[in-house]
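Q: below: sequence and its predicted model.
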Amino acid sequence: MVKVENLRVAFGQAEVVRGVSFEIGRGECLALVGESGSGKSVTARTLVGLTGDGARVSAGELAFDGQDLTKLRERGWRRVRGGRIGFVLQDALVSLDPLRPVGKEIAEVLAAHTDLAGAARRARVTELLASVGVPEPELRAAQLPHELSGGLRQRALIATAIAAEPELVIADEPTTALDVTIQAQVLDLLAGLKSQDRSLLVISHDLAVVARLADRVAVMKDGVIVEQGPTRRVLGAPEHEYTKRLLRAIPAEHTKGTRLSGTSPAPPRRSPGEVVVRADGVGKSFGGRAAVREVSFTLRAAETVGVVGESGSGKTTTARIALGLTEPDTGTVEVHGQKWAGLDRAARRRLRRDIQTVYQDTLAAFDPRYTVAKVLAEALAVAGVPRERRRDRSVELLELVGLGPEHLARRPLQLSGGQRQRVAIARALAPEPAVIVCDEPVSALDVSVQAQVLDLLEDVQRETGVAYLFISHDLGVVHHLCDRVLVMKDGQVVEEGPVEDVFHTPEHPYTKELVAAIPRISVTWHV
């Protein structure tokens with residue numbers, strides 16, 4: 001179905017795809033894997049004529065079902081794009097029109113590429129949403145994207161991509177940031193397309209995901225495919241050192257106690273100390289709906305407690321209550337024995353120094369106009385550090401997170417994703433807190449950058465004794481990093497305990513479902 005030979009793509013003087021070649025057979029799934037900047041998304045976009053303005057594209061051969069794609073003009077691309085090749089982007093909230101019901105988005109594809117009209121078209125929209133596992137499809141078709149969960153939005157986007165029954169579906173990071181059970185459903189859905197004799201090109205940095213779906217894997221680095229072959233061989237017995245490094249960086253149960261960004265074992269961890277956070281019977285409702293119900297837990301110094309569960313399970317509301325940002329309707333939270341309830345503004349401000357946070361979206365977490373120096377100086381000012389000490393202390397904080405004084409003059413957009421997350425951790429450490437709440441801090445990072453940040457979190461904990469309340473949908477990350485875990489569903493903690501016990505011998509049916517849905521790789525090679 002697809003033949004690419006010696007594909008090259010350049011923007012200005014920078015060649016970002018350099019001599020890439022691959023084929024995809026009918027009913028076959030090829031996965032392009034690699035980190036941000038490797039060229040995999042640009043390669044995929046070239047197959048649908050969306051490389052971008054100013055791009056220079058050349059190829060020995062660029063063919064789809066025998067058709068030379070290099071000779072297509074815009075009218076020809078419009079016939080192919082959406083009709084014969086479907087494209088699923090990563091961020092459904094950005095990809096779907098925020099002002100248009102998702103049903104109309106799907107209907108537009110049907111109008112452009114089929115003869116269906118009126119009631120027949122509306123029925124087909126409902127049928128497509130049902131086919132991708134959307135409950136109450138007629139109701140959902142009338143809803144705007146922001147009214148749907150992340151998993152439902154992603155399914156609606158897939159329904160749009162397959163509406164005209166394309167022979168090839170390109171899915172660019174289709175499961176990133178999805179909960180593990182929703183991720184499994186989306187992967188099953190994509191696998192079902194293969195059984196219909198459709199071809200798939202999946203782009204991902206998650207090797208465990210592609211192991212579950214792909215027939216063959218091509219590993220990209222710096223615009224070049226460095227290794228290619230059957231999935232079982234590439235992921236089970238990799239030959240290229242870069243592929244081995246990517247596999248070593250995947251957090252899982254067998255990586256606990258090792259450094260992900262290297263091969264050396266991690267130094268011993270501190271033993272948990274005194275209780276620094278205690279939640280007792282916490283409950284919170286919004287608009288009559290209970291978001292959190294009777295949640296209780298403790299967090300000790302130098303301990304990491306994971307909180308897992310699907311979107312809407314109450315994880316983030318629990319974190320906001322712990323941070324003193326949301327007032328619970330019932331129950332109490334204590335930080336170092338001090339209850340949030342009843343504190344005046346000044347007392348809250350003083351207590352909040354003890355409990356800081358690191359978020360997923362580092363670009364949204366920083367003022368884009370601020371330099372790193374200003375970001376850290378502001379946090380140090382709030383912490384009461386004298387002005388004359390702030391620059392030196394900023395340098396100390398940057399060194400603690402593996403950055404240097406040269407980063408002080410940079411703004412957020414001048415940093416990589418991993419560097420921004422390091423600055424976010426440095427800012428959280430500025431008041432010397434007892435606790436850091438980490439809300440999906442690595443879910444948007446490439447696997448090797450994620451490995452560096454996870455190693456950093458453990459290093460900082462050994463150095464400072466800080467405790468982490470770690471919220472994540474990635475159970476491999478939680479297994480690697482956490483001492484104990486809380487499993488949340490429908491606002492309640494349905495299971496808790498040491499991470500090894502909960503993941504190896506889960507008792508609650510929901511925990512069993514989560515653990516069963518974890519994508520895994522069978523590794524037969526030696527690190």
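A: Noted; the coordinates are in hand. Here the structure is a predicted model, which is why all the values come from computation and not from measurement.
Q: which residues in the stretch 251-400 of the chain form strands?
A: With DSSP state E, counting those that start in this stretch as the criterion, the stretch 251-400 of the chain has strands at 275-286, 289-300, 304-308, 330-335, 338-339, 355-358.
Q: shaky segments in the protein?
A: For the chain, the stretches flagged by pLDDT under 70 are 91-93, 177, 263, 522-527.
Q: switch the cut-off to 50
A: For the chain, the stretches with pLDDT under 50 are 525-527.
Q: quick one on the thing from earlier: quick one: closest of the strands of the stretch 251-400 of the chain to His479.
A: Among those, strand 304-308 comes nearest to His479, with 8.4 Å by CB to CB. All C-beta atoms are positioned from the backbone trio N, CA, C, and that covers glycine.
Q: which neighbours does the closest one have in its sheet, and in what orientation?
A: strand 467-471 (parallel), strand 484-489 (parallel) (DSSP bridges).
Q: tell me the spacing between the residue of the chain most remote from its centre and Leu380.
A: Distance from the C-alpha centroid of the chain, by CA atoms, centre = their mean, peaks at Glu388 (39.4 Å). According to CB to CB, to the nearest Å, Glu388 and Leu380 sit 11 Å apart.
Q: could you name every residue contacting both of those two?
A: Common contact partners of Glu388 and Leu380 (CB atoms under 8 Å, 6 or more residues apart in numbering): none.
Q: which residue ranges make up each domain of the chain?
A: 2-242, 249-354+433-527, 363-432 (automatic domain parsing).
Q: how far away from the center of its chain is the longest one?
A: Just to be clear, that refers to domain 2-242. 17 Å (CA atoms, centre = their mean, to the nearest Å).
Q: ends of it, how far apart?
A: Terminal residues of domain 2-242 lie 26 Å apart, using CA to CA, to the nearest Å.
Q: does Leu457 really touch Cys438, like I thought?
A: Yes: taking contacts as CB atoms under 8 Å, Leu457 lies within contact range of Cys438: 7.4 Å.
Q: out of those two, which sits in the busier spot?
A: Neighbours were counted for Leu457 and for Cys438 using other CB atoms under 10 Å; Cys438 has more, 26 against 23.
Q: checking that one next. Helix, strand or coil?
A: Here Cys438 is recorded as strand under DSSP: H, G, I helix; E, B strand; the rest coil.
Q: state the distance from it to Lys315.
A: Taking CB to CB, one finds Cys438 at 11 Å from Lys315.
Q: helices and strands around the helix or strand where Val460 lies, which ones?
A: Using DSSP states H and E, Val460 maps to helix 447-464. Packing partners of helix 447-464 (3 or more CB pairs under 8 Å, 6 or more residues apart in numbering; DSSP states H and E): helix 241-248, helix 417-429, strand 467-471, helix 475-481.
Q: residues in contact with Ser95?
A: Per CB under 8 Å, 6+ apart, neighbours of Ser95: Leu89, Leu157.
Q: how near is it to Ala107?
A: Going from Ser95 to Ala107 by CB to CB gives 16 Å.
Q: Val375: what's it in contact with?
A: Residues near Val375 by CB under 8 Å, 6+ apart: Phe366, Asp367, Val423, Arg427.
Q: please repeat the previous calculation with a cut-off of 7 Å.
A: Counting by CB atoms under 7 Å, 6 or more residues apart in numbering, Val375 touches Phe366, Val423, Arg427.
Q: with Gly86 instead?
A: Applying CB under 7 Å, 6+ apart, we find Gly86 in contact with Ala161, Ile162, Pro166, Val169.
Q: equivalent analysis for Glu167, please.
A: When contacts are taken as CB under 7 Å, 6+ apart, Glu167 is in contact with Met1, Asp65, Arg84, Arg198, Ser199.
Q: from those residues, keep the buried residues only.
A: Met1, Arg84, Arg198, Ser199 (16 or more other CB atoms under 10 Å).
Q: if I pick the first one, what's in contact with it?
A: Just to be clear, that refers to Met1. Ile24, Gly25, Arg26, Phe64, Asp65, Glu167, Leu168, Ser199.
Q: hmm, back to that, find residues that contact each of Leu457 and Cys438.
A: Common neighbours of Leu457 and Cys438 (CB under 7 Å, 6+ apart) are Tyr468.
Q: list the buried residues in the strand or helix carrying Glu138.
A: Assigned by DSSP H and E, Glu138 falls within helix 137-141. Neighbour counts over helix 137-141 (16+ other CB under 10 Å) mark Pro137, Arg140, Ala141 as buried.
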